[in-house]
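S.K.: okay, sequence plus prediction incoming.
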Amino acid sequence: MADLPQVVIVEDDPEVVRVVLLALEEFGFRTEVFRDGASAQRFLRQAKPALCIVDLGLPDMDGLDLVHEIARRRDCGLLILTGRGHTVDRVLGLEGGGDAYMVKPFDPRE
């Protein structure tokens, strides 16, 4: 199990977490889920995930701040998964270190 690629999900919506977990586990990824930015930050101090999936609307911080921090400190893929669909949010997210930007609602096959 430890050899499987690890994906960190930072999302506070339980239904979105459920859908993402089902898709990732189907393809053999190990997952860690965090409902807020602070707990994800603590975990990421020692972890080296292959991918982080980050919602921008977190209960304790702006997800863009977390995206910037992850991009600065970690060498991993970074997917922004959010309800913010405005062009300015997309640009800020991708320029701030995100590799891809997906707007909710989404089809799990995406």
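M.R.: Ah, there it is. Numbers count the residues shown, from 1 in each chain.

S.K.: all helices of this protein, in order?
M.R.: Ranges of helices in the chain, per DSSP state H, are 14-26, 37-44, 63-73, 87-95.

S.K.: distance to L56, mean pLDDT and mean neighbour count added to these, as a markdown table?
M.R.: C-beta here means a position set from N, CA and C on the backbone, and glycine is covered the same way. Output for those, formatted as a markdown table (distance: least, CB to CB, whole Å; pLDDT from 0 to 100; neighbours: other CB atoms under 10 Å):
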| stretch | distance to L56 | mean pLDDT | mean neighbour count |
| --- | --- | --- | --- |
| helix 14-26 | 12 | 94 | 14 |
| helix 37-44 | 10 | 97 | 18 |
| helix 63-73 | 3 | 95 | 19 |
| helix 87-95 | 7 | 95 | 14 |
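
S.K.: just tell me which of those helices ends up closest to L51.
M.R.: Proximity to L51 (CB to CB) singles out helix 14-26 among the helices of the chain, at 8.9 Å.

S.K.: which other residues reach that closest one?
M.R.: With CB atoms under 8 Å, 6 or more residues apart in numbering as the test, helix 14-26 has contacts from V7, I9, E11, T31, V33, I53, D55, L81, K104, P108.
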